[in-house]
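Structural data only, the sequence is not supplied:
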């Protein structure tokens, strides 16, 4: 346990020191309608000695159960029921858990954990058994030796290896998309069995280039929406990873989510860590609700640590587009958000 904790501390320090500079641009959208909303207080009920650490990832399954992937001493994955009652912990002691980044649940209720520290994407079946692994964890001695340079762009573009991956999504055929991430600035596509199909993206600012793809989601047509965080924009690529569009009016997209159903919405957070600059804090913290074509429907939220405020949103679950779960990395929590009204579409650009 002491050895694992020491390695976790080294990883944490290296990630903080090596991370690229955050995009500092203010959201450009003007005259955007405000969406009325509430936050459910004290939703999660914890057993003794269970706590959230950094609010890294949150996702729900078809039963409404909530999965929270958190850095709390060690990386841990918790399940709660639809009423917020604690159910169990998943993957305790798993070799692929070291430095949590995202959790997602696919249409078959398989749970996927993206671990930045082990360079692995892990698929659990609904019963909690590991059934697929993408990527590979380095041996400890190699991992520690590489830590000082892990924030640098490598462009290695290896089919079955990642460099600090960040998120995962799927299309209707079960093909898998992984954003990779801090060290490789690309998106990788696999078939449903984990066989490499292709990858796309290099580091840069041009259309089709990426600078820290931090989050991604897919729509019913298989288009891929990428939170191009350090370029302060969302990019849309088609199912073959060919560039289609850029949405650059919503600030720095740390978290995105596409809702299911016949009318899909794109949710995008504008998140920058609190560095004590009140001017910067006033510019961030909101979440935008958008049509898939980039039209802004409305926004809600502001920076802060109180209920109904957001402190660096890291992941959004939007299985129900009027009932969201929002994880916050710098406030060590997850909020359940209820949108109280549906607004008419506004261009907002």
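Perfect, thanks for sending it. Small disclaimer: the values here were computed from a predicted structure and weren't measured. Numbering: from 1, shown residues only.

what sits against the residue lying closest to residue 203 once chain neighbours are set aside?
Leaving aside its chain neighbours, residue 203 sits nearest to residue 185 (4.1 Å; criterion: CB to CB, 6 or more residues apart in numbering). In this view, the C-beta of every residue, glycine as well, is placed from N, C-alpha and C. Listed by CB atoms under 8 Å, 6 or more residues apart in numbering, the contact partners of residue 185 are 153, 155, 201, 202, 203, 204, 209, 210, 211, 212, 213.

Contact partners for the last one?
Okay, so that is residue 213. Contacts of residue 213 by CB under 8 Å, 6+ apart are 166-167, 179-181, 185-187, 201, 226-229.

ok, which stretches of the stretch 51-200 of the chain are helices?
Ranges of helices within the stretch 51-200 of the chain are 140-146, based on DSSP state H, counting those that start in this stretch.

show me where pLDDT drops low in it?
For the stretch 51-200 of the chain, applying pLDDT under 70 flags the ranges 140-152.

redo that, cut-off 80
139-154 (pLDDT under 80).

What of the stretch 201-349 of the chain?
In the stretch 201-349 of the chain, residues with pLDDT under 80: 272-284, 341-349.

sorry, back to before: quick check: the residue nearest to residue 203 vs residue 330, distance?
According to CB to CB, to the nearest Å, residue 185 stands 24 Å off from residue 330.

Same question for residue 200.
Residue 200 is 31 Å from residue 330, by CB to CB.

Check residue 51 too.
With the distance defined as CB to CB, residue 51 ends up 16 Å from residue 330.

Settle it for me: which of the two has more neighbours?
residue 330 (16 against 11; other CB atoms under 10 Å).

ok, back up a step: relative to residue 81, which of the contacts of residue 185 is nearest.
If you rank the contacts of residue 185 by distance to residue 81 using CB to CB, residue 213 comes first, at 32.6 Å.

hey, what's the closest one bridged with?
residue 228 (DSSP bridges).

going forward, begin numbering at 429 instead of 1
All right, first residue 429 from here; so that's residue 641.

where do the strands sit along the stretch 629-777 of the chain?
641-646, 652-656, 661-665, 671-675, 681-686, 693-698, 715-719, 724-728, 741-748, 751-756, 761-767 (DSSP state E, counting those that start in this stretch).

Could you check how many residues crowd around residue 751?
15.

ditto for residue 510
11.

residues in contact with it?
491, 492, 493, 494.

any idea how far the last one is from residue 507?
Between residue 494 and residue 507 the distance, using CB to CB, works out to 7 Å.
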